[in-house]
Every structure is written in structure tokens, then in C-alpha cells.
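Engineer: Structure of the sequence below:
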Amino acid sequence: MDPITLAIVTAIITGLVTGVATGTTTGVAKASEQAIVDGYNSLKKLIIDKFGAQSKAVQALSDLEIDPKSEGRKIVLKEELTKVKATDDGELIKAAETLLARLNALPDSRTIIKQLAIGDNNVQIAGDSNKVNFKPPKST
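Structural biologist: Got it, this is the predicted structure:
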């Protein structure tokens, strides 16, 4: 997943940018959360400024905010950002990378980073004490 889509999806999944997050947080956590909200809003504003408030890219972003669990909406957002060549824009990439860094720094580890693996024989593991037994398929 490109860094712009990844940053948007991850920020939305945390619930911080859509007001869904719950629970008590410390002052440090609140400051971190506000930095994420600010980073997300900056990235979103850049997308609106560059492609227009009525663009399909902005509409896809808004649709994902409404239904953050929708895999289809995540795919549409990625497609629309690709169509407008958002990933070729250095300013958008920098804003996305800043947002991802803030998400990775969350003190309570609520960050969910999604990875996309394409090809054969891919293995993705998260957490501690995982064991994987992998035997590649036999060539024919």
C-alpha cells in the first residue's frame, strides 16, 4: 500500500480522527493523539487543495471515514489516489510519512499498520512468540 493510503487508513482505523476512540489517556497520550489528528487533517487538506473538494479522491476519503471497516472503500481510495498521481507528489508523501511516524509513536500501541503482500510464498507475522513452519510448493 502506498504511504498516503496507508497513513489515511491507519489514522482512520485508530478512531482518533473520526472521534470513535474511547478510553482514558494520559497527558502524553492526549498530546500524541492530537498530533495525529493534526497530521491527518493536514494531509486531508492537502488532498482537497490539490485535487478539489468535489474530486473522486476526496469523496473516496470521505466514504472511508464513514465506513472505516470497509475493505472496498480502502481499495477505492487507493485507486482514486493513484489516478490523480498523488503518490508522485512529494508534499503529499512528506505529509503522509509525518503522519505515519506519529502513528508509530503512539504510547499505547493502538496503531494498526496494514501491509499488502503480492506474489507467492509470502508470510506476515505480528506479535510475540510466533512460530511459522513454511514449506514452499514443489515445482512442476
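Engineer: Which of the helices or strands spans Leu103?
Structural biologist: helix 90-104 (DSSP states H and E).
Engineer: Now do the longest helix along the chain and helix 90-104, the angle between them.
Structural biologist: Determined from DSSP state H, the single longest helix within the chain is helix 27-51. Relative orientation of helix 27-51 and helix 90-104, computed by axes from the mean of the first three to the mean of the last three C-alpha atoms, to 10 degrees: 160 degrees.
Engineer: Average pLDDT for helix 27-51, rounded please.
Structural biologist: The average pLDDT for helix 27-51 rounds to 85.
Engineer: got the buried residues for that helix?
Structural biologist: Neighbour counts over helix 27-51 (16 or more other C-beta atoms under 10 Å) mark 32-33, 35-37, 39-40, 43-44, 46-48, 50-51 as buried. All C-beta atoms are positioned from the backbone trio N, CA, C, and that covers glycine.
Engineer: And for stretch 10-18?
Structural biologist: Buried positions in stretch 10-18, judged by neighbour count with 16+ other C-beta under 10 Å: 10-14, 16-18.
Engineer: Among these, pick out the one closest to Leu99, please.
Structural biologist: Ala11 (6.1 Å; C-beta to C-beta).
Engineer: Wait, that closest one touches Gly39, no?
Structural biologist: Yes: contact between Ala11 and Gly39 holds when scored by C-beta atoms under 8 Å: they sit 7.5 Å apart.
Engineer: what sits in contact with each of those two?
Structural biologist: The contact sets of Ala11 and Gly39 overlap at Leu99 (C-beta atoms under 8 Å, 6 or more residues apart in numbering).
Engineer: hmm, back to that, any chance of the buried residues of stretch 10-18 in TSV, with pLDDT too?
Structural biologist: Shown next, in TSV, are the buried residues of stretch 10-18 (pLDDT from 0 to 100):
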residue	pLDDT
Thr10	86
Ala11	87
Ile12	86
Ile13	82
Thr14	78
Leu16	73
Val17	76
Thr18	66
